[in-house]
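S.K.: Okay, predicted coordinates and the sequence, questions at the end:
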Amino acid sequence: MSEDLERELSRLRWRSRRGMRELDRLFERYLDRAWRQAPEAERVVFLRLLEVEDDKLWHWFMGHDTPADAELAQLVDTIRTLPP
């Protein structure tokens, strides 16, 4: 992977840190297992996901609610189904 992409991944790891360990682990898993192979469009959606408040993210990832935005809903589902 190019040096620029590695720097971007490092920045994303920092931005992905939340106040909840469970959310941190979900985002870390996505960054470790899927981000490098993700198409650019999915990476853009991931950036949007990082802008969402923690309480909404928690409800989405726990399956208590679903994002109204179809792209966010798809990414949440992708992250939820990544193997541990």
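M.R.: Nice, I can see it. Residues are numbered from 1 along each chain as shown.

S.K.: Any regions of the protein where pLDDT drops low?
M.R.: 1 (pLDDT under 70).

S.K.: Show me where this structure has its helices.
M.R.: 3-15, 21-33, 40-50, 54-61, 70-80 (DSSP state H).

S.K.: Provide the angle between the direction of the last one and the direction of helix 40-50.
M.R.: Calculated by axes from the mean of the first three to the mean of the last three Cα atoms, to 10 degrees, helix 70-80 forms an angle of 90 degrees with helix 40-50.

S.K.: Which secondary structure elements does helix 70-80 sit against?
M.R.: helix 21-33, helix 40-50, helix 54-61 (3 or more Cβ pairs under 8 Å, 6 or more residues apart in numbering; DSSP states H and E). The C-beta positions use only the backbone N, C-alpha and C, and glycine is treated the same way.

S.K.: Would you mind giving the ones you listed as a markdown table with mean neighbour count and distance to residue 11 added?
M.R.: Formatted as a markdown table, those follow (neighbours: other Cβ atoms under 10 Å; distance: least, Cβ to Cβ, whole Å):
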| stretch | mean neighbour count | distance to residue 11 |
| --- | --- | --- |
| helix 21-33 | 15 | 11 |
| helix 40-50 | 14 | 11 |
| helix 54-61 | 15 | 19 |
